[in-house]
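[1] sequence? don't have it. structure:
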Ligand code: NCD
């Protein structure tokens, strides 16, 4: 079956997941983002690449960083941005997701940026647009359930390449609540495709999906063993809002066993970087001394996120 994100020529049509995206496309997105970093850092003001296009931000779930950086990215490309506040929109009046989509399509939308609590919602929208003859409208997944968060995965790859240059000699550790994390899935697929030879996941058993090894990662239940000699540490938030039942004794216990402290960071390579997609829970998964310390690249990640989102939008918008 054809990858639903690619057209018959193998060009990116929608961005729904990093899973199955060829290395050339991942690299093309990172390369396209490179010159946009100057725009993200405001050294260059605006580019006309999406002038006249309408980007609809459809966030059915809360977000600060992701929604704002998508909005900034679209504006720096000169698009018109429409933010829908779903809490006060017709979704609360019982309108179905696809009826909402049909109505926005009738307003001549060019791109939907979608965040939804249900895994698969952006796929469903892309499929529906194809079935209704509206496949010129592009869909970008901004996080769906536990499934995928491809632009986060890509901005993380951009950050790693920025500091480490090459993927093929790296050891990368992903620490925390992999079970509930769409970010971890998008990271693992992208890291694997880009040729990272060793990916470790560090977590208690209760926070790992069953058969996680099938994704090509090495499982470590002990953070000391997991951090030894790593180049990159990717932290995950404890997603308490997605947990059903007690998977953990307490946040304090979790910090004791899996929290990233300066002592534990000393096990990594001296030039290792520490990343976090945000929002961060200080004192739960990460010690403030690490979050604000010399290894942290957490705030540059946010700025790179603008450049990467500009890259994705310009590649999709330009294909029309
Ligand atoms: C993540 C998300 O919403 O998936 N945050 C983000 O997009 N920056 C991770 C999280 O919520 O922990």
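    Perfect, thanks for sending it. The shown structure was predicted, so the numbers you read here are calculated from the model rather than taken from an experiment. Residues are numbered from 1 along each chain as shown.

[2] Going by neighbour count, list what's buried in the one helix or strand residue 69 maps to.
    In the assignment (DSSP states H and E), residue 69 maps to helix 65-76. Across helix 65-76, burial judged by 16 or more other Cβ atoms under 10 Å covers 66, 67, 69, 70, 71, 72, 73, 74, 76. C-betas here are computed from N, CA, C, even on glycine.

[3] what's the answer for stretch 298-312, then?
    Buried positions in stretch 298-312, judged by neighbour count with 16+ other Cβ under 10 Å: 298, 300-302, 304-312.

[4] Export the residues you listed as a markdown table, with columns for distance to the ligand and secondary structure.
    Formatted as a markdown table, the buried residues of stretch 298-312 follow (distance: Cβ to the nearest ligand atom, whole Å; DSSP: H, G, I helix; E, B strand; the rest coil):
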| residue | distance to the ligand | secondary structure |
| --- | --- | --- |
| 298 | 11 | helix |
| 300 | 14 | helix |
| 301 | 9 | helix |
| 302 | 9 | helix |
| 304 | 12 | helix |
| 305 | 8 | helix |
| 306 | 13 | helix |
| 307 | 15 | helix |
| 308 | 12 | helix |
| 309 | 11 | helix |
| 310 | 17 | helix |
| 311 | 17 | helix |
| 312 | 14 | helix |
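
[5] Quick one: those residues as TSV, columns for distance to residue 153 too.
    As requested, those are exported to TSV (distance: Cβ to Cβ, whole Å):
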residue	distance to residue 153
298	16
300	16
301	12
302	15
304	12
305	11
306	16
307	15
308	10
309	12
310	16
311	13
312	11
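
[6] Mark out where each domain of the protein begins and ends.
    The record's domain split for the chain, according to automatic domain parsing, is 23-148+303-316, 150-297.

[7] Mind putting those into TSV with distance to residue 3?
    Shown next, in TSV, are those (distance: least, Cβ to Cβ, whole Å):
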stretch	distance to residue 3
domain 23-148+303-316	10
domain 150-297	12
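
[8] Could I get the ones you listed in TSV, plus columns for mean pLDDT and distance to residue 4?
    Below are the domains of the chain laid out as TSV (pLDDT from 0 to 100; distance: least, Cβ to Cβ, whole Å):
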stretch	mean pLDDT	distance to residue 4
domain 23-148+303-316	92	6
domain 150-297	95	13
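
[9] where along the stretch 1-150 of the chain do the strands fall?
    54-59, 80-85, 111-116, 138-144 (DSSP state E, counting those that start in this stretch).

[10] among those, which is the most enclosed?
    strand 138-144 (a mean of 27; mean count of other Cβ atoms under 10 Å).

[11] would residue 241 count as being in a helix?
    Yes - counting by DSSP: H, G, I helix; E, B strand; the rest coil, residue 241 is part of a helix.

[12] one step back: closest to the ligand out of the strands of the stretch 1-150 of the chain?
    The ligand lies closest, by Cβ to the nearest ligand atom, to one member of the strands of the stretch 1-150 of the chain: strand 138-144, at 4.5 Å.

[13] Residues contacting the closest one, please?
    13-17, 59, 61, 63, 66-67, 70, 110-123, 125-126, 129, 148-152, 182, 312-313, 316-317, 319-320 (Cβ atoms under 8 Å, 6 or more residues apart in numbering).

[14] can you tell me which residues contact the closest residue to residue 218 other than its chain neighbours?
    Excluding the flanking residues, the one nearest residue 218 by Cβ to Cβ, 6 or more residues apart in numbering is residue 200, at 4.9 Å. Contacts of residue 200 were listed using Cβ under 8 Å, 6+ apart, and they are 171, 172, 173, 174, 217, 218, 219, 220, 226, 230.

[15] Ends of stretch 199-207, what's the gap?
    Stretch 199-207 has an end-to-end distance of 17 Å (criterion: Cα to Cα, to the nearest Å).

[16] wait, does it contact the ligand?
    No - Stretch 199-207 does not reach the ligand (Cβ under 6 Å from any ligand atom); its nearest approach is 12.8 Å.

[17] which parts of that stretch are buried?
    Here stretch 199-207 shows 199, 200, 201, 202, 203, 204, 207 as buried, counting by 16+ other Cβ under 10 Å.

[18] Got the phi and psi for the last one?
    As for residue 207, its main-chain torsions (degrees, to the nearest 10) stand at phi -110, psi 20.

[19] And for residue 11?
    phi -90, psi 150.

[20] Give me the neighbour count for it.
    14 (other Cβ atoms under 10 Å).
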